[in-house]
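Asks: Okay, sequence plus prediction incoming.
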2 protein chains.
Amino acid sequence: MEETSPEALQDLAHLIRIHSIESTSASKSGHPTTCSSCCEILSVLFFRVMRYNKNCPKDPSNDRFVLSKGHAAPALYACWVELGVITKEELLKLRHIDSDLEGHPTPRLKFIDVGTGSLGQGLAIACGMAHVGKYVDRAKFRVYCVLGDGECAEGSVWESVAFAVQYNLNNLCVVIDVNRLGQTGETMYGHCLYQYEKRLESYGFNCLCVDGHDICELIEAFQCAEQTKDRPTCIIAKTFKGKYFEGIENKPGWHGKPLGDKTKEIVASIKCRIKACGKPEFNVPKPCSTVCPVDLCNIKLCPPPDYKKGEMVATRTAYGTALAKLGKSNNRVVAFDADVSNSTFSEYIKKDLPDNFVECYIAEQNMVGVAVGAACRNRVCAFASTFAAFLTRAFDQIRMAAISKSNINLCGSHCGISIGHDGPSQMGLEDIAMFRTIPDCTVFYPSDAVSAERAVQLAANTKGVCYIRTTRSPTAVIHCNTMEFQVGRAVIVQKSPCDVALVIAAGITMEETMEANKKLCCDGIRTRIMDLFTIKPIDKEAIVCNAKECGCKILVIEDHYPEGGMGEAVLAAVADQKGIIVKIAAVEGLPKSGETKALLKRFRIDSTSIYDHVTKLVKGC
Amino acid sequence: MEETSPEALQDLAHLIRIHSIESTSASKSGHPTTCSSCCEILSVLFFRVMRYNKNCPKDPSNDRFVLSKGHAAPALYACWVELGVITKEELLKLRHIDSDLEGHPTPRLKFIDVGTGSLGQGLAIACGMAHVGKYVDRAKFRVYCVLGDGECAEGSVWESVAFAVQYNLNNLCVVIDVNRLGQTGETMYGHCLYQYEKRLESYGFNCLCVDGHDICELIEAFQCAEQTKDRPTCIIAKTFKGKYFEGIENKPGWHGKPLGDKTKEIVASIKCRIKACGKPEFNVPKPCSTVCPVDLCNIKLCPPPDYKKGEMVATRTAYGTALAKLGKSNNRVVAFDADVSNSTFSEYIKKDLPDNFVECYIAEQNMVGVAVGAACRNRVCAFASTFAAFLTRAFDQIRMAAISKSNINLCGSHCGISIGHDGPSQMGLEDIAMFRTIPDCTVFYPSDAVSAERAVQLAANTKGVCYIRTTRSPTAVIHCNTMEFQVGRAVIVQKSPCDVALVIAAGITMEETMEANKKLCCDGIRTRIMDLFTIKPIDKEAIVCNAKECGCKILVIEDHYPEGGMGEAVLAAVADQKGIIVKIAAVEGLPKSGETKALLKRFRIDSTSIYDHVTKLVKGC
């Protein structure tokens, strides 16, 4: 099969340029100038370099492409117009509410793997894809990622650069589209390619500086990248924002502006540059090897949990135990950790199955991005863990993971003040609030080792982002090993026909609640104790029904700030019910270092305080 | 005054080492090995290099010190023991609930500016201090920041490195304590100092590689740093974790472990190394110039808001207008932005007062850290802005800002689906939830230009982290220019004696509510409309009182995900009230690109939907 000629590639670049202009003019919004700087890069990639089956864009054998500079989406869509996968008419509905061609790429489209548009995130995802390709699939597909120069100011990019070198991702080729101009003015380094080159080289990348509008230079650079086996390559392309837009090219003030009444004239001038009569001829090379689909369905927890009731086991330990079991039952279960695997206990899978563990060092943003990339096209079942507090570092990546419809699983250990001595910087007290905002996220908060193991199993088999909140301190096993857990299904831990309040607790506060319960029973006060298991989705029906059976009084006790936590989730569940009173006992104000028991007492979520809260609630104080 | 001799500095380093061991052994937790690698660095800094008044640690004339590797806190505390500011007895209460000597440094202590412990954040703060010193105070104080090698994996560090070079912060001296070992194993680069050197040099830093346990090499390096005027300096120090701990030094497996029963023996062996009889003699040099306190009280909005009722003005525009006014009334008001100043409208202060604007490029984590550093010791009133969605990038920094008791003000523009075409990646739909979790944070959500201007003024004069949520689209002015706004005080926008529901809206949904109201009025349905102004603190009294006057029915409409937003804040406010029903209309599920009006309609927060929600609520459907 003949390779697409440079002339045809240049024509195709101009067609991409024209589509970008026309679609953004039609939608009266978007980034034609940003598109224009990368048209030659995309043309060479899509019509000569990348090997893929255009009729099956998510074929696992295909080369991968990530447009990190997501605001150039129309240029990417334009490639798929030329490939015949979408029509020009569809493209002209860009950004319309009934079109899947959104302002920034999202996987509503069959040829998009991940959402981009929050800058500086694409490279981590590309690294995840490349890592899987090289070390899990051991396949020949290559991964291409186009970044803008402005987004290189994001530290997350450099976390990924370091990762790519650390794991010698020679199947990864990055392109930086150095068009000099950011939104408000010149980027930090303008057109000085050397700044990027020396930096990337200092990390260990192979660098190639090219004229990003020169088709032949680009072809040569991509060939060189493919031949470089000892490290990943970055092509640093000097380009111009608004290239070939007369009066606009390389001028500030044109970021995110459609061409309006200049559209016709500029399109006409670009059309004049097209050499071919009719459509330019091209050939897309086929994948050079076949990568088979893998089975990620029904990943089993084998053997099942095996604990004794009352046994003291930290849920973080159970997380590690379960993860290692899943890894043994399906070799596509892969764990990622940020240098705390001996705290989160992901070290168990690392010890048992070293190939199923990826050390991401202290770089949580990149870790989450890599996990998202690894999980693409269902190549692996990814679990990433660190302290719950440090997942806040990756909130933007987690938010984007939902837009990417990613199936990643995240585990945050060391939640709440119960971690004790280390102090507030290490205490995850906002993680439930954070994950509850994530669309379609399943938020597990297991109270004991049995439910923690089941949470890990369910997360592996549940679509969308899953979050598992684990506790540092050991807590008593309260559930039978044979208990069946379901997403969105609460479990009643204790009940009697004369319960006067419903107490909802989890993790360390379940432990304290069970303790408080002994004293309450002595005083003749019977409470019903509920373990929600998942905070999102929440078992509204069970909450309302049990509350009504318990005098319409609910006490929620949580080792989390009151805002956005378990208590507010319960409030939302009963918002449309008249007459149910909810009391939330949570961590109010800034905590500090101290012994676990002393902290729980000071912040009034220990057993004695729970006793007080219940008695006051029951007495109506 | 004689400089402290190298011999005395070495003795002091050993004393710091001993204090670190003994205090962590007393608390049975902490990081003696991490402390040990930086004892010589701290000794040379605190007893010879840094110029400060030890009796007034927050004197603005003093050199600044930031311990980015916060887990080495005991070593830092030990310096202040030797300086006579705290006692050894106090140090031995390390990490105790009644001690301010926490596991990681926090400003509960008078000699600590900011909380650290979430790694990779200290350098941004140091950059903020250095930027203010050089460009605002134009003072001679220098800024020192000690980083661990493990935390250099965090991208945020490299955002700050780039910032320091961009603004030629030659008053900044960074030290990387390269002790080779992370928590779970060797760092990415182990003891290869060259990896750090070539990388930092590629960014433009002056680099000096030293033996971090050699007092004379350290003295010389700090002198060289001070003499280097054309760029910031980084001292890359080769050190050993657990230095001088026999059998432990440079060995893995000792991260975060007190020495237990080895304590006595190791302390004794280190004591043998001390040469002086009695306390080593030292002199701390005084600051070389006097920096005066500045007045940040009662920053005025002058002239006051001047709008016509019904005039269409975006609250983001009003934000910019107010910020420029504040800057003119107090030249210590400084704005920071991440390359979107023409969207957030912080460009207004940039145009009027270019010296009061700091471009931080697309690096939100560093921007927030720099703002925190700038605001330290009340040197400036800092406002940092970007899209609300992208503040999620800095959640960890914002969380730490609260621990630092910082007074920074943050503005997130482009909230919600109402931004329209750009799509989900650009829509801030979790920002209220995020900021509500921040202890002592004030969360403003102004509905019109008048209240937006007042929010900016109040933020400038309110302690703690403040957040202002602004809207992209213009909304009608609904408040009088003379209206007095207060934190925690809601405003009734419309009321009648026969209101049948309380409608709580803000920003774009206030606009839609006012529209819906017209039709409701025509149908004879009178609603009371409330503008909360601040979501945190929330005006509980006004909500409960007005709800009771409106048939105990509340409708909250918000352009935010339901979780953790305005609706749940209202639910929490009425949780202890029997009989109040709350309906929340928020953005359910993942949004997409589209026209603003079409999106508001699809997600059922437009005027027509509000009409429906109200009628259903009133009819009890």
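Replies: Happy to help now that I have it.
Asks: tell me the domain ranges of chain A?
Replies: By the record's domain assignment, chain A is partitioned as A:6-271, A:312-476, A:493-619 (automatic domain parsing).
Asks: mind putting the ones you listed in JSON lines, mean pLDDT, distance to chain B and mean neighbour count included?
Replies: (Glycine included, C-beta is placed from N, CA and C.) Compiled in JSON lines, the domains of chain A are given as follows (pLDDT from 0 to 100; distance: least, CB to the nearest CB, whole Å; neighbours: other CB atoms under 10 Å in any protein chain shown):
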{"stretch": "domain A:6-271", "mean pLDDT": "98", "distance to chain B": "3", "mean neighbour count": "22"}
{"stretch": "domain A:312-476", "mean pLDDT": "98", "distance to chain B": "3", "mean neighbour count": "26"}
{"stretch": "domain A:493-619", "mean pLDDT": "97", "distance to chain B": "3", "mean neighbour count": "21"}
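Asks: Take these and lay them out in a markdown table including distance to B:L9.
Replies: Output for those, formatted as a markdown table (distance: least, CB to CB, whole Å):
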| stretch | distance to B:L9 |
| --- | --- |
| domain A:6-271 | 33 |
| domain A:312-476 | 30 |
| domain A:493-619 | 30 |
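Asks: how about these, which one is nearest B:T34?
Replies: Across the domains of chain A, the minimum distance to B:T34, taken as CB to CB, is reached by domain A:312-476, at 12.8 Å.
Asks: and A:R526, backbone torsions?
Replies: According to degrees, to the nearest 10, the main-chain angles of A:R526 amount to phi -100, psi 130.
Asks: so it makes contact with A:C498?
Replies: Yes: taking CB atoms under 8 Å as the definition, A:R526 is a contact partner of A:C498 at 5.2 Å.
Asks: so where do the helices sit in the stretch 101-250 of chain A?
Replies: All helices of the stretch 101-250 of chain A, identified by DSSP state H, counting those that start in this stretch, fall at A:122-131, A:155-166, A:193-203, A:215-227.
Asks: closest one to A:V370 among those?
Replies: helix A:122-131 (3.9 Å).
Asks: Which neighbouring elements make contact with the closest one?
Replies: Helix A:122-131 sits against strand A:64-67, strand A:143-148, helix A:155-166, strand A:172-178, helix A:364-375, with contacts defined as 3 or more CB pairs under 8 Å, 6 or more residues apart in numbering or on different chains; DSSP states H and E.
Asks: change it to 6 Å
Replies: Using 3 or more CB pairs under 6 Å, 6 or more residues apart in numbering or on different chains; DSSP states H and E as the contact criterion, the neighbours of helix A:122-131 among helices and strands are strand A:64-67, strand A:143-148, helix A:155-166, helix A:364-375.
Asks: and A:C621, what pLDDT?
Replies: We have a pLDDT of 66 for A:C621.
Asks: that older thread, can I get the helices and strands packed on helix A:122-131 in TSV including distance to A:L599?
Replies: Compiled in TSV, those are given as follows (distance: least, CB to CB, whole Å):
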stretch	distance to A:L599
strand A:64-67	44
strand A:143-148	44
helix A:155-166	33
helix A:364-375	25
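Asks: So for A:T475, which of the ones you listed sits nearest?
Replies: Nearest to A:T475, of all the helices and strands packed on helix A:122-131, is helix A:364-375, at 25.8 Å by CB to CB.
Asks: Show residues contacting that closest one.
Replies: Around helix A:364-375, the neighbours that count as contacts under CB atoms under 6 Å, 6 or more residues apart in numbering or on different chains are A:121, A:124-125, A:127-129, A:132, A:156, A:159-160, A:163, A:336, A:338, A:360, A:380, A:382, A:384, A:386, A:390, A:393-394, A:397, A:401, A:404, A:406-408.
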